[in-house]
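Q: Sharing a model prediction with you, sequence too.
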Protein chains: 2
Amino acid sequence: MPTIHDVARESGVSITTVSMVLNKGSRPVSAEARRRVLEAARALNYTPNANARALVSRRIRSVGVVFGTNQTGLNLVNPYISAVLQGVLDAATEREHNIGLYTRPWRDAERDAAAFRDGRADGVLIFAPVLGSDLVPGIAALGMPLVVVSGPSGEPEVPYVDVDNAHGVRLAVEHLLGLGHRRIAHLMGNLDQANVLERRDAFCAALGEAGVSVPPEYLVAGQYNEVSGRENTRRLLDLPEPPTAIFAGNDVLAIAALDAARERGLRVPEDLSVVGFDDIPAASLVTPALTTVFQPLTEIGAQATRLLIDVLDGRPADPGGVLLEPKLVVRGTTAPPPPSVLSSP
Amino acid sequence: MPTIHDVARESGVSITTVSMVLNKGSRPVSAEARRRVLEAARALNYTPNANARALVSRRIRSVGVVFGTNQTGLNLVNPYISAVLQGVLDAATEREHNIGLYTRPWRDAERDAAAFRDGRADGVLIFAPVLGSDLVPGIAALGMPLVVVSGPSGEPEVPYVDVDNAHGVRLAVEHLLGLGHRRIAHLMGNLDQANVLERRDAFCAALGEAGVSVPPEYLVAGQYNEVSGRENTRRLLDLPEPPTAIFAGNDVLAIAALDAARERGLRVPEDLSVVGFDDIPAASLVTPALTTVFQPLTEIGAQATRLLIDVLDGRPADPGGVLLEPKLVVRGTTAPPPPSVLSSP
DNA sequence: TTGTATGCGTTATCAA
DNA sequence: TTGATAACGCATACAA
């Protein structure tokens, strides 16, 4: 592989000059020297070695991606994750950075945080860290530039980008309330995720303000997957006083709820209304199409990435978090509750 | 950031010894020295700098990912791509390699191939290169280890991993033939992709062997997206003698066909049968659920990655390609053709 | 306008 | 069993 020395020799100049022209350095280079360098570089198919360059410049122009939920590993098939990663990719491309995916499993910050400071990336994006994990403070303490994507960072100095969960939930609940629903249940993911708690609290708050009480059995926790969604929906429908509407913590859960309802012979939206969260591609494919809260996943990934690269470039980031606005997308799974219920005691 | 020198000083040994114990080097180290080094390394939160290491060892334990269709950029939201990338991720994790996503736009090999040899990755995975692109031969000519994912490499020395397209198509066509269909159309993606050509050829061959002729207007090319799928399906349904079954080149096209059929008031599968290809998650979510040809996307990504890392580790890869087996998944969009058609001339 | 020399943090070679 | 020291390929301070 050709090195800067080869280019220098070939073009009859010093390696400094080669470096200067290839890096658009500030120092003056004669037109002739420049021409020769460029020609030689092209002839030799020369590309600077990023590692050598990083070693001296302390910058490699790559952003690292770390997955907060290390237990399960990254799941790109999860449309939520891939949409966010797409945003990261877009922004990184636009700012001329590569992306590095850290694959090494980690357990705790004490032991593993330092591994993310191995020089492969200039800064790190942490995807949806689980609540109570010490990874974020651990990496931050090492002085590694850090931004949290899809979740609060928990640390005042660590910026984060997320959707405004409280606002999104409010949109969903108010929609259901407006249709006349009063018996509204909430299908939740795992309580070790911050967004699950945020959505639950916002759910209770929104209903509370409307003077609607939430029986504890209407709040069902589980996982953000189909199996959990189906089981918990069945549980809900088996209640002596089943809900007339279900607000699911995400679309996967909502789609599972659709399935479970159908299995029970309930028509959606006539007998049961369902609202999701995320607006993943599948939401518009199911029948009837899912009413859901859209969150700008790609934009969340992109903003977090821009924020991180700003920090890397020495532009200080505003402390605190950035909350992007969700949007209610009304489709076919919501309608007024059945009359029988309206007139019941 | 602590360096190997800090660890050496802290533990009272030379950097050579530190390097030896941290890399499980072959040379003997006293138990006492080893203990002290380990202790110091942990106390200092030391992590070896991957760039410095790569510079001398010429190995960084990262695999690069390059997207063959550079025009549109990577689209992770495309479930096809994300499933393959997931497999890459799994295999890289298992073999203790990181993943680097190359984001720089490229045009032609002559100008851009060398950029992938910048030392950030030891070898490169090219995703679905477009037909006629000189990128694969270009990178290969530079001596960079290379494996093509989801597509033929076109070069005898460059290994590739893909699904057995011909077999998959045969499964689909034989299923439709077995149901009694004779008027079968094929919705295609862009003809600049190898798999599109392979599927088309296999389609014609399978029907030909069964003695069924394929009128040219039954072969419609477009793009692998919904808009194209919908338009081309309408075109097909508007034919004087419309098909009774549509074999779509991928699931996105098939789902679009479902939509277009519904729009025309046709019932699926009673009036029209539809078969897809890929078995993306959405395939089982649509109503009725899509009959399709499953391809092991994640496994394709994983095998390609293992192949590449084998090469990097000095284990020579078998030349040629690896073709993984598809599987027919019969769901709700296929049935015998309507009787009126059977009895028509 | 240009070149020489130093150091970035490692691994590996040599000598002890 | 251990320690100097020379690369690795590059950017840059210093010198000319």
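A: Great, that's in hand.
Q: Could I get the full set of strands for chain A?
A: Applying DSSP state E to chain A gives strands spanning A:62-67, A:98-101, A:123-127, A:146-149, A:160-163, A:184-187, A:219-220, A:245-248, A:273-278, A:291-294, A:321-324, A:327-329.
Q: Please convert those strands to a markdown table, extending it with mean pLDDT and mean neighbour count.
A: Where C-beta positions appear, they are placed from N, C-alpha and C, glycine not excepted. Below are the strands of chain A laid out as a markdown table (pLDDT from 0 to 100; neighbours: other C-beta atoms under 10 Å in any protein chain shown):
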| stretch | mean pLDDT | mean neighbour count |
| --- | --- | --- |
| strand A:62-67 | 96 | 25 |
| strand A:98-101 | 98 | 25 |
| strand A:123-127 | 97 | 24 |
| strand A:146-149 | 96 | 28 |
| strand A:160-163 | 98 | 25 |
| strand A:184-187 | 98 | 27 |
| strand A:219-220 | 98 | 17 |
| strand A:245-248 | 98 | 30 |
| strand A:273-278 | 98 | 29 |
| strand A:291-294 | 98 | 25 |
| strand A:321-324 | 97 | 16 |
| strand A:327-329 | 98 | 16 |
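Q: Indicate which one of those strands is closest to chain B.
A: Chain B lies closest to strand A:98-101 among the strands of chain A, at 4.1 Å (C-beta to the nearest C-beta).
Q: Give the other helices and strands that the closest one contacts.
A: On a contact count with 3 or more C-beta pairs under 8 Å, 6 or more residues apart in numbering or on different chains; DSSP states H and E, strand A:98-101 meets strand A:62-67, helix A:79-94, strand B:98-101.
Q: Just put those in JSON lines and tack on distance to residue B:153.
A: Formatted as JSON lines, the helices and strands packed on strand A:98-101 follow (distance: least, C-beta to C-beta, whole Å):
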{"stretch": "strand A:62-67", "distance to residue B:153": "27"}
{"stretch": "helix A:79-94", "distance to residue B:153": "24"}
{"stretch": "strand B:98-101", "distance to residue B:153": "20"}
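Q: Out of those, which is closest to DNA strand C?
A: DNA strand C sits nearest to strand B:98-101 of all the helices and strands packed on strand A:98-101, at 15.7 Å, using C-beta to the nearest atom of the strand.
Q: about what we covered before: kindly reformat the strands of chain A as CSV containing distance to residue A:200.
A: Below are these laid out as CSV (distance: least, C-beta to C-beta, whole Å):
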stretch, distance to residue A:200
strand A:62-67, 23
strand A:98-101, 31
strand A:123-127, 21
strand A:146-149, 20
strand A:160-163, 15
strand A:184-187, 6
strand A:219-220, 7
strand A:245-248, 10
strand A:273-278, 12
strand A:291-294, 14
strand A:321-324, 18
strand A:327-329, 19
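Q: Make sure residue A:276 is actually in contact with residue A:283.
A: Yes - the pair residue A:276 and residue A:283 passes the contact test of C-beta atoms under 8 Å, sitting 6.0 Å apart.
Q: shared neighbours of those two, anything?
A: With contacts defined as C-beta atoms under 8 Å, 6 or more residues apart in numbering or on different chains, the residues adjacent to both residue A:276 and residue A:283 are A:251, A:254-255, A:290, A:292.
Q: Show me the two of those residues that sit farthest apart.
A: A:255 and A:292 (9.8 Å; C-beta to C-beta).
Q: hey, what's in contact with both of the two?
A: Common neighbours of residue A:255 and residue A:292 (criterion: C-beta under 8 Å, 6+ apart): A:276, A:283.
Q: so where is the stretch 201-345 of chain A shaky, pLDDT-wise?
A: Residue ranges of the stretch 201-345 of chain A with pLDDT under 70: A:341-345.
Q: Run through the bridge partners of the closest residue in space to residue A:102 that isn't next to it in sequence.
A: In this structure, residue A:102 finds its nearest non-sequential neighbour in residue A:66, 5.0 Å apart by C-beta to C-beta, 6 or more residues apart in numbering or on different chains. Beta-bridge pairing for residue A:66 (DSSP bridges): residue A:126.
Q: Could you verify my assumption that residue A:66 touches residue A:128?
A: No - contact criterion C-beta under 8 Å: residue A:66 and residue A:128 do not qualify, at 10.4 Å.
Q: residues touching the nearest residue in space to residue A:49 that is not next to it in sequence, list them.
A: What sits nearest to residue A:49 in space, not counting adjacent residues and going by C-beta to C-beta, 6+ apart, is residue B:119, at 4.5 Å. Residues near residue B:119 by C-beta under 8 Å, 6+ apart: A:49-52, B:54-55, B:60.
Q: so which of those residues is the most crowded?
A: residue B:54 (25 neighbours; other C-beta atoms under 10 Å in any protein chain shown).
Q: Distance check, residue A:196 against residue B:23.
A: Computed as C-beta to C-beta, to the nearest Å, the residue A:196 to residue B:23 distance reads 42 Å.
Q: now swap in residue A:110 and tell me
A: Between residue A:110 and residue B:23 the distance is 22 Å, computed by C-beta to C-beta.
Q: Residue A:237 now?
A: Using C-beta to C-beta, residue A:237 is found at 59 Å from residue B:23.
Q: more crowded one of the two?
A: Each of residue A:237 and residue B:23 has its neighbours counted (other C-beta under 10 Å); residue A:237 has more, 19 against 11.
Q: any idea how far the more buried one lies from residue B:329?
A: Distance of residue A:237 to residue B:329, computed by C-beta to C-beta: 29 Å.
Q: and what of residue A:115?
A: Distance of residue A:115 to residue B:329, computed by C-beta to C-beta: 41 Å.
Q: What residues does the stretch 201-345 of chain A have near chain B?
A: For the stretch 201-345 of chain A, the residues found near chain B under the criterion C-beta under 8 Å from any C-beta of the partner chain are A:255, A:281-282, A:285-287, A:298.
Q: ends of stretch A:246-254, how far apart?
A: Distance across stretch A:246-254, first residue to last, is 8 Å (C-alpha to C-alpha, to the nearest Å).
Q: who's in contact with that stretch?
A: Contacts to stretch A:246-254, defined as C-beta under 8 Å, 6+ apart, come from residues A:80, A:169, A:172-173, A:176, A:184-189, A:195-196, A:199-200, A:203, A:222, A:224-226, A:228-229, A:232-233, A:236, A:257, A:272-280, A:282-283, A:290, A:292, A:333.
Q: if you set the cut-off to 6 Å instead, what comes out?
A: Stretch A:246-254 is contacted from outside by A:172, A:185-189, A:199, A:224, A:229, A:257, A:274-278, A:280, A:283, A:290, A:292, using C-beta atoms under 6 Å, 6 or more residues apart in numbering or on different chains.
Q: CA atoms only for stretch A:54-73, dumped as PDB, please.
A: Presented in PDB, the C-alpha positions along stretch A:54-73 are these (Å, rounded to 0.1, in the frame of the first residue of the first chain):
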ATOM      1  CA  ALA A  54      -5.800   9.600  13.900                       C
ATOM      2  CA  LEU A  55      -2.800   8.800  16.000                       C
ATOM      3  CA  VAL A  56      -1.300  12.200  15.500                       C
ATOM      4  CA  SER A  57      -4.400  14.400  15.000                       C
ATOM      5  CA  ARG A  58      -6.500  12.700  17.700                       C
ATOM      6  CA  ARG A  59      -9.400  12.700  15.400                       C
ATOM      7  CA  ILE A  60     -10.600   9.900  13.100                       C
ATOM      8  CA  ARG A  61     -13.900  11.300  12.000                       C
ATOM      9  CA  SER A  62     -16.000   8.400  13.100                       C
ATOM     10  CA  VAL A  63     -18.900   8.300  15.500                       C
ATOM     11  CA  GLY A  64     -19.400   5.300  17.600                       C
ATOM     12  CA  VAL A  65     -22.700   3.700  18.300                       C
ATOM     13  CA  VAL A  66     -23.400   1.800  21.500                       C
ATOM     14  CA  PHE A  67     -26.600  -0.100  22.200                       C
ATOM     15  CA  GLY A  68     -27.900   0.600  25.700                       C
ATOM     16  CA  THR A  69     -29.800  -2.600  26.000                       C
ATOM     17  CA  ASN A  70     -26.800  -4.900  25.800                       C
ATOM     18  CA  GLN A  71     -28.700  -7.900  27.100                       C
ATOM     19  CA  THR A  72     -30.600  -8.500  23.900                       C
ATOM     20  CA  GLY A  73     -28.000  -7.000  21.600                       C
END
